[in-house]
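Asks: Fold the following for me, if possible:
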Amino acid sequence: MRDSELAIGTLVLLGVIAALLYFLFPNEISRFLRGPSHKEIYRSIDRETAAFSAETKTISSYLEDSWSMKAYRAVDSALRQNGYLGWIKTVKAERDALLSDTLRKAERQSKTADRIFLALISKKSLRESIKNSRARMNTQALDNEIAALQTQLDRGKNSLLNTLVRFSERRRSLNQKALREWFIRSLLVGLLIAVFLSASYWLITPSPNPSGSQRLPSYPAREPSESRIFSFFRPKASYQPVLSNLGEGPVLRDSTFRLTIEPKTGTIPQPIASALKGLPKTNTALKLASILGGYPDTPASRSHHLSQPGGLIIHTAKALIHCEHLLTLLPNPQIGPVVILAHDIGKVLTLNSQGVRRPHDIPAADILASLSELKEDFNDITIRSILLAVRHQHSSAEIPLNAPSPTQAIMQFIKKADYAAVAEEGREAAEKIKALSSRIIDSFPFVIPDLNVNDCKGGRSEGFLSDGYVFLLKEPVKEKLLKQLNSPDAPVFKGQDPVWNEMAQALSGAGLITTKIATKEAGKKSCLFTIKTPLGQEKAIVLHASNVTSPLREKWLGGNIPKIEVV
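Replies: This next block holds a predicted model:
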């Protein structure tokens, strides 16, 4: 058989199959050939316009709240150009006009299509009743009316589809235009700042010292070791942190800390003095303890474990107690109290208004290296190992390749004692929260209205109302409940959150939240579901929407209603 005959036979067979399918399923085949219904197209337009409204909020935040636009607005105002305000008005007017025009056209076209669709259904129903009646009647005129109505409906669908296509094209164009103009203005601001900083640098930079003298760091002077690899300082033309040039290995050099002050000292706090009784003491350990005594109100963290005033002293004392049985891990037991007292001491500088979001291990190592007692108590190799372990306790990958062998053992010692102390704090905080179960249950209904559900308040959503359930993200709920309870201490240990678990158990036991959705079950301790939102995966508790008052539900339904998937 030739290829042409085979092709013709295949086409004939396909035609027969298509005719048979149309004979068996005429309505379904017709709907498939006609494409989506006018209602589906209208829903697509509704989704597109809702997304466009969300994009408008995001773009407005870029144009009005970004630091570059604030700087541009200030420059524009200073020059009295008033171009910024006109530009913003134009952007908003164009976007509002597109949205309102699209919605108006879509609603008008949808109403027309609805009317034609109802008439078409009525005519088809009449034709079926005539066909099923015993009296034989001519339906030719009725068939012509149905065909005419179907043609009108198809034209209406095409109009709706064209409206959707034009809106999508215009939406993309307006987004590109707004972001392009934002980028150009931000670039101009960046160039102006760069020019200003360059000019300032050349104006204020002093001329080179002809004598070639160098300014030394503000740390206490030390006698250099014979071997260059163990030297703590190298001659530099400018200041360097005490740990930025240890050996030849890859040491982090971008520290923003400069220890230019003498740390305060005070009486050794009673919890630390008590914890030190069974431990080997050195002058370095006693000096570190007195520095902690000079900052008695320092918390152990900003928002997690022992975040109340004095939390750092309590945490350090607990770590000292837990480190006693770990001293055998160290080459010299005297190292233990020193590194435990030093591992968080940098927080006396970072947990204040000047040290927000800065790592504490950098200044901890700087404070320790500045103590003259350290050189008296230990040799060069031990000192270098201690400083590297303290400096890199949270960045072990950055330890120099030529670090002395005790460094890793000291780092593991710090981590084990620190984890044990935090775990104990977690158990204590969980017991404290458990005693407040009744207050948690009473406070929960007052927390819910404050949450930003379905983006009803603007900004990042803290919960979602979807498909008859209210999904509330864990962290905002926890934060607001702790605020209601006036109990900020909420440690998280190795991903475990004992404080939240007690809260969740109280809410679940009172029937305020559900732990099962269809075949999906929440975590046994945390009562949390993993949900997939437009922003990614989140952890959330769930309650039935019927448990929320009608005014609050209506308020949330007025926002963006996302599709939530329980993983």
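Asks: only C-alpha atoms for contact and neighbour calcs from this point on.
Replies: Will do.
Asks: Tell me which helix or strand the nearest residue to residue 373 once chain neighbours are set aside sits in.
Replies: Distance criterion CA to CA, 6 or more residues apart in numbering; nearest residue to residue 373, sequence neighbours excluded, is residue 284 at 5.1 Å. Assigned by DSSP states H and E, residue 284 falls within helix 283-293.
Asks: just residue 58 next, same as before
Replies: helix 38-65.
Asks: name the helices or strands packed onto that helix?
Replies: helix 67-78, helix 83-132, helix 140-204 (3 or more CA pairs under 8 Å, 6 or more residues apart in numbering; DSSP states H and E).
Asks: any idea how far residue 327 is from the residue nearest to residue 373?
Replies: 17 Å (CA to CA, to the nearest Å).
Asks: ok, these two, which is more surrounded?
Replies: Neighbour totals were compared for residue 284 and residue 327, and residue 284 leads with 25 against 19 (other CA atoms under 10 Å).
Asks: Run through the residues that contact the more buried one.
Replies: By CA atoms under 8 Å, 6 or more residues apart in numbering, residue 284 lies in contact with 338, 371, 373-374, 377.
Asks: Kindly indicate which of those residues lies nearest residue 538.
Replies: residue 338 (40.8 Å; CA to CA).
Asks: Chain neighbours aside, what residue packs nearest to the closest one?
Replies: That would be residue 285: by CA to CA, 6+ apart, it lies 4.8 Å from residue 338.
Asks: didn't that neighbour look like it was pressed against residue 337?
Replies: Yes - using CA atoms under 8 Å, residue 285 makes contact with residue 337 at a distance of 6.2 Å.
Asks: Work out the gap between the strand or helix carrying residue 532 and the centre of the chain.
Replies: Applying DSSP H and E as the criterion places residue 532 in strand 529-533. In this view, strand 529-533 has its centroid 14 Å away from the chain centroid, taken as CA atoms, centre = their mean, to the nearest Å.
Asks: cool, stretch 540-551 as well?
Replies: 25 Å.
Asks: Need the residues that contact that stretch.
Replies: Identification of contacts with stretch 540-551 by CA under 8 Å, 6+ apart yields 465, 468-474, 512-515, 527-531, 553.
Asks: Figure out which of the helices and strands packed on helix 38-65 is closest to residue 367.
Replies: Proximity to residue 367 (CA to CA) singles out helix 140-204 among the helices and strands packed on helix 38-65, at 30.8 Å.
Asks: buried sites along the next helix or strand after the closest one?
Replies: Per DSSP H and E, the first helix or strand lying C-terminal to helix 140-204 is helix 270-276. Neighbour counts over helix 270-276 (16 or more other CA atoms under 10 Å) mark 272, 275-276 as buried.
Asks: and if you look at stretch 67-81?
Replies: 68-73.
Asks: Likewise for stretch 428-436?
Replies: 428-430, 433-434, 436.
Asks: Looking at those, which are in helices?
Replies: Among the buried residues of stretch 428-436, the members found in helices (DSSP state H) are 428-430, 433-434.
Asks: And those residues, which is closest to residue 9?
Replies: residue 430 (77.0 Å).
Asks: which ones are touching that closest one?
Replies: Neighbours of residue 430 in contact, by CA under 8 Å, 6+ apart: 498-499, 502.
Asks: now residue 532
Replies: 538, 564-567.
Asks: Type out the PyMOL command that picks the buried ones from those residues.
Replies: Command for PyMOL, covering only those of these found buried under the criterion 16+ other CA under 10 Å:
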select buried, resi 538+564+566
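Asks: picking up where we left off before, pick out the lowest-pLDDT one from the buried residues of stretch 428-436.
Replies: pLDDT is lowest at residue 429 among the buried residues of stretch 428-436; the value there is 83.
Asks: Out of the contacts of stretch 540-551, list just those in strands.
Replies: 465, 469-473, 529-531 (DSSP state E).
Asks: In TSV: those residues, plus pLDDT and neighbour count.
Replies: Shown next, in TSV, are those (pLDDT from 0 to 100; neighbours: other CA atoms under 10 Å):
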residue	pLDDT	neighbour count
465	88	24
469	90	18
470	91	24
471	91	27
472	93	25
473	92	23
529	92	25
530	93	18
531	91	17
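Asks: Can you tell me which of these is nearest residue 192?
Replies: residue 473 (42.0 Å).
Asks: for that closest one, which residues make a bridge with it?
Replies: Assessed by DSSP bridges, residue 473 has beta-bridge partners residue 540.
Asks: pretty sure it contacts residue 462?
Replies: Yes - using CA under 8 Å, residue 473 is in contact with residue 462, at 5.6 Å.
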